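In: Task: produce atomic coordinates for the following.
(chains A and B)
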There are 2 protein chains.
Amino acid sequence: MDEFSFIRSIKPDHYRQSSLIKGIDDDAAVFRPSGHDVVTAVDTMVEGVHFTRQTMEPEQIGYRVLAANISDLAAMGSTPAFYLVSITIPSDWTHGELERVYDGMKKLGNTYQMDLIGGDTVSGSELSLTVTVIGMVGKGKARYRSAAEAGDVLFVTGTLGDSRAGLEWLLNPKGQASKDHTYLIQRHQTPVPRVSFAANLSHLERLALNDVSDGVANEANEMAGASNVDLYIDLKALPFSEPIRNVFPEDYVDWGLSGGEDFELLGSVSEKDWPHVLKAAEQAGVTVSRIGHVKTKEGPEPVVRVNKSGEWERLTSSGYTHMKEKGD
Amino acid sequence: MDEFSFIRSIKPDHYRQSSLIKGIDDDAAVFRPSGHDVVTAVDTMVEGVHFTRQTMEPEQIGYRVLAANISDLAAMGSTPAFYLVSITIPSDWTHGELERVYDGMKKLGNTYQMDLIGGDTVSGSELSLTVTVIGMVGKGKARYRSAAEAGDVLFVTGTLGDSRAGLEWLLNPKGQASKDHTYLIQRHQTPVPRVSFAANLSHLERLALNDVSDGVANEANEMAGASNVDLYIDLKALPFSEPIRNVFPEDYVDWGLSGGEDFELLGSVSEKDWPHVLKAAEQAGVTVSRIGHVKTKEGPEPVVRVNKSGEWERLTSSGYTHMKEKGD
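Out: From the prediction side, this is the model:
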C-alpha cells in the first residue's frame, strides 16, 4: 500500500473547530483554547485483543475506539474537539478496509464537530489503533471522580452489561439473532458516549463523574478511593435492559458489575441537585438511575458495599462480593 | 504480568508543569494553557519495524520515540510540556524491561520538565509505543513550514545522515566499533531534539521550520510546497560529521538527502535575521549551516534544486536527482 496516497485519502478536506489554527499539514497541530481548560486522553484497540473481524466491521472498529475516548471526555464534563489517530497496518488489511475504519471515526467525530488533526501511519503485524482525544471545558469545571461527598446520591446513566452481552453473542452465537440480540450487539459495536448528558450538568457546582469502562464495581471503587468515602449500591436498583434480562438471565448482574465497556457514566451528586440530573438526562434522551448513596468512610480504607439479600456486603473492584464480612 | 502493578510502577510520583490541573488519576488529564497556543503531535514505534533488540536497549526505545515527538514540537517553536504513552505489550517482554522503556522516556522528559499525564496499556503480539506530546507556544508564534519567502537563507542544524549511518552499522557491524562508529550509533539511538535552538528564535517575526525526520530532500520539498517557493540547496554546503565521512565515504551524501530520522531542523529565514540564527545556535550549543536560498517559484509547481557538479538539478522528495532537466 502506498502510505502517502492512504494519508491523502483520510485527510480531512475541511475543519470545523474555530479554535484550530493548524491541522495536519505541518510537524504538529496547533490550537488556541481561548480561556478553556484542555482535557486529553488516549486509548488503544488491538486486533485479536479488543476486536476481531468476527465481532466488528471496519467502520465499527473506528467508531468504537473513538467512542471509548469520547466517553472519557464526557466523564470529565468536557466538550470533544479534536482527535489524532496512530494506526499500525498489517499486510492483510486493504486500503479500502482501512478507509472504512477512518469513516467510522469520522461519522462519530462529525456528531461532535470534531476535527482529525494529526496521526501516524506505520506497518506492523497486527492492526492497532491508538486515538488521542482533546476536549475543552470551562475553567475549573472539569468533573473528577474525587468529588463525591457523604450524603450524595449515586447514579448511573443507561443500562449496564449490554456491551458484554453483545460480545458474548458475537463470540458464541446460538442460532438466529433475535431483536434482543441485535440490540445487545449494537450496544457492543456502537456505544453512544454520554456527552450531552454531562454537558447539560455544567451549571452544577459539584459533581463527581467516572465512565464505566471496566464495570461499575471497578469504577465505584475508583470513586470511593479518590473521594475517600464509602459507596453503598443497591443491587436491585442497577439498571438492566430488557434484552439482557431476556437473553442472559443468569449472567446479567455479574456482567453489569464487572462486564465493562458500557461507556455509561457513574456519578455522585448532592440530594438537592438530583432533580437537575433527572432533567439533564431527559434533555439528553438517556435514562438515569439512582443506584445508591455515599457515606462517610467507616473503616481504615474507603469501600464499596452492595445490598445483596438484605445484607451489605463488600464489592471489590473485580466485582467479587465477600459474603458476610461482619468485621469489615 | 499484572497490569495494575505495572501502571503503578510507571506512574509519576510528582508533576512539574504548573499548567497541569489533573494528571493520570482520572478518566483524562486536564491542563490550563493560560494564554498560550497548544501544539500536539503523535508518533508510533513498532518492534521489528522501527527498532529491534539488536539496534536498541529498552531505555533507548523509550528515549527515541519521545525524542521524535519532541523534535516535532521543536519544529513548531513550542516548549514541550506533557506526554501520553500507549503501549502494546507482547508476552516476551518482562516487567523490568518495560520499566526501562519508561525510564528512557522519563530521562528525556525530565530534561524539559515534561510530565507523563496519561496513557493506555494493552496486550498484543509485538511491542508498540505510541506517544502523544503536547507543547505550548506564545499566541501566534508557532513556526510553520509555509513561512519561507523568496530571498530567504535556507539553513539546517547539526549534521545529516548520522542516524542512518548508525543504524547501518548496528544492522551490519564489520568488526570492532571504533570511536567513529560509537558516535554514529549514539546519534541513532539517542538523538537530541533542537528545542533550545528553536526557543532562542522566538523573538523573530518570521521563521519557517521543519524537522528532518525523513531526509532533507523530503522536508525541503515539503517546505517548498507549503510556502509555494523554489528552494536551492548547495550540495557542498550540506553539513556532515567527520565520523560519517570516515566510515561511509560512498554513502553519506545520499543518506543526508534521504536517510532520515536525524531530527535536525531545516529552516528558512530572511537575510537580515540570519545573524540571529547563528547566535541562537551558539547559545544552544548546536551548529547551524547555511545550505542554500529561496527563490520565487519559476515553474508551475514549487521545486527543490541542488547544485551538483556545477548545474542545478531537481531534487525530488525521495532524494532522487534528475540529471540535466533543462526544460524543467
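
In: Can you report how many residues lie near A:Phe31?
Out: By the criterion of other CB atoms under 10 Å in any protein chain shown, A:Phe31 has 26 neighbours. The way it works is simple: take the backbone N, C-alpha and C, and place the C-beta from them, glycine included.

In: so how far is A:Tyr102 from it?
Out: Applying CB to CB, to the nearest Å, the value for A:Phe31 to A:Tyr102 is 21 Å.

In: tell me the phi and psi of the most centrally placed residue in chain A?
Out: Geometric centre of chain A, nearest residue: A:Phe263, 2.8 Å, by CA atoms, centre = their mean. Dihedral pair for A:Phe263: phi 60, psi 30, per degrees, to the nearest 10.

In: likewise A:Thr40?
Out: Dihedral angles for A:Thr40 - degrees, to the nearest 10 - are phi -140, psi 150.

In: check contacts around it.
Out: A:132-135, B:28-29, B:31, B:82, B:84, B:117-118, B:132, B:134 (CB atoms under 8 Å, 6 or more residues apart in numbering or on different chains).

In: and what of A:Gly256?
Out: A:160-161, A:215-216, A:238, A:240.

In: Mind doing that once more with 6 Å?
Out: Shown in contact with A:Gly256 (CB atoms under 6 Å, 6 or more residues apart in numbering or on different chains): A:160-161, A:238.

In: Including secondary structure, pLDDT and neighbour count, could the residues you listed go into a markdown table?
Out: Converted to a markdown table, the contacts of A:Gly256 look like this (DSSP: H, G, I helix; E, B strand; the rest coil; pLDDT from 0 to 100; neighbours: other CB atoms under 10 Å in any protein chain shown):
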| residue | secondary structure | pLDDT | neighbour count |
| --- | --- | --- | --- |
| A:Leu160 | coil | 97 | 30 |
| A:Gly161 | coil | 96 | 32 |
| A:Leu238 | coil | 96 | 20 |
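
In: Give me the subset of the contacts of A:Thr40 lying in strands.
Out: Here DSSP state E is the test, and the contacts of A:Thr40 give A:132-135, B:29, B:31, B:82, B:84, B:117-118, B:132, B:134 as lying in strands.

In: For stretch A:224-243, buried residues please.
Out: A:224-227, A:229-235, A:238-241, A:243 (16 or more other CB atoms under 10 Å in any protein chain shown).

In: How far off centre is stretch A:17-26?
Out: 26 Å (CA atoms, centre = their mean, to the nearest Å).

In: how about it against chain B, any contact?
Out: Yes. Contact of stretch A:17-26 with chain B (CB under 6 Å from any CB of the partner chain) involves A:Asp26.

In: who's in contact with stretch A:261-273?
Out: Here stretch A:261-273 makes contact (CB under 6 Å, 6+ apart) with A:71, A:75, A:148, A:152-158, A:160, A:163, A:191, A:193-194, A:204, A:207-213, A:219, A:277, A:294.

In: One more: stretch A:4-12?
Out: By CB under 6 Å, 6+ apart, the residues outside stretch A:4-12 that reach it are A:99, A:102, A:116.

In: Chain B next: which of the residues you listed are close?
Out: Applying CB under 6 Å from any CB to the contacts of stretch A:4-12, none is adjacent to chain B.

In: Might you specify the subset of the buried residues of stretch A:224-243 located within strands?
Out: If you go by DSSP E, those have A:229-234 in strands.

In: Looking at those, spot the one nearest chain B.
Out: A:Val229 (15.8 Å; CB to the nearest CB).

In: Just give the nearest non-adjacent residue to A:Pro173, would you?
Out: A:His181 (7.9 Å; CB to CB, 6 or more residues apart in numbering or on different chains).

In: what does A:Leu154 give?
Out: A:Gly292 (4.1 Å).

In: any idea of the mean pLDDT in the host helix or strand of A:Gln186?
Out: A:Gln186 is located in helix A:179-189, with elements delineated by DSSP states H and E. On average, the pLDDT along helix A:179-189 is 95.

In: which bits of chain A sit near chain B?
Out: A:26-33, A:37-44, A:46, A:49, A:72, A:75-76, A:84, A:86, A:88, A:118, A:120, A:122-126, A:130, A:132, A:142, A:144-145, A:211.

In: In helices, which of those residues appear?
Out: A:72, A:75 (DSSP state H).

In: Now do the same contact list for the closest residue to A:Ile24 other than its chain neighbours.
Out: Leaving aside its sequence neighbours, A:Ile24 sits nearest to A:Gly118 (CB to CB, 6+ apart; 5.5 Å). For A:Gly118, the contact set (CB under 6 Å, 6+ apart) comprises A:24, A:29, A:84, B:41-42.

In: Provide a list of residue ranges in the stretch 101-250 of chain A with pLDDT below threshold.
Out: Applying pLDDT under 70 to the stretch 101-250 of chain A picks out no residues at all.

In: quick revisit: export the ones in strands among the contacts of A:Thr40 to a markdown table and append columns for distance to A:His14.
Out: Formatted as a markdown table, the ones in strands among the contacts of A:Thr40 follow (distance: CB to CB, whole Å):
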| residue | distance to A:His14 |
| --- | --- |
| A:Thr132 | 21 |
| A:Val133 | 20 |
| A:Ile134 | 18 |
| A:Gly135 | 20 |
| B:Ala29 | 29 |
| B:Phe31 | 28 |
| B:Phe82 | 28 |
| B:Leu84 | 27 |
| B:Ile117 | 30 |
| B:Gly118 | 29 |
| B:Thr132 | 24 |
| B:Ile134 | 24 |
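
In: Just the buried subset of those, please.
Out: A:132-135, B:29, B:31, B:82, B:84, B:117-118, B:132, B:134.

In: In the stretch 151-300 of chain A, what residue lies closest to chain B?
Out: For the stretch 151-300 of chain A, CB to the nearest CB, closest residue to chain B: A:Asp211, 5.3 Å.

In: Residues touching stretch A:156-169, excluding its own?
Out: A:181, A:184-185, A:187-188, A:194, A:197, A:216, A:238-241, A:244, A:248, A:252, A:255-256, A:259, A:261-262, A:264-266, A:286, A:288-289, A:291.

In: picking up where we left off before, so which of the ones in strands among the contacts of A:Thr40 comes closest to B:Lys174?
Out: In terms of CB to CB, no member of the ones in strands among the contacts of A:Thr40 lies closer to B:Lys174 than B:Thr132, at 38.8 Å.

In: So what pairs up with the closest one in the strands?
Out: B:Thr132 has these beta-bridge partners by DSSP bridges: B:Val42, B:Leu84.

In: quick one: A:Glu59 from A:Leu108, how far?
Out: 10 Å.

In: For the stretch 151-300 of chain A, which segments count as helices?
Out: Counting by DSSP state H, counting those that start in this stretch, the stretch 151-300 of chain A has helices at residues A:162-171, A:179-189, A:195-199, A:216-227, A:242-247, A:252-258, A:274-284.

In: Give me the packing partners of the fifth one, helices and strands only.
Out: Same thing as helix A:242-247. helix A:179-189 (3 or more CB pairs under 6 Å, 6 or more residues apart in numbering or on different chains; DSSP states H and E).

In: quick one: buried residues of the helix it packs on?
Out: By neighbour count on 16+ other CB under 10 Å, the buried set for helix A:179-189 is A:180-181, A:183-189.

In: try stretch A:141-159
Out: Within stretch A:141-159, the residues that qualify as buried are A:141-149, A:152-159, counting by 16+ other CB under 10 Å.

In: swap in stretch A:58-75?
Out: In stretch A:58-75, counting by 16+ other CB under 10 Å, buried: A:58-75.
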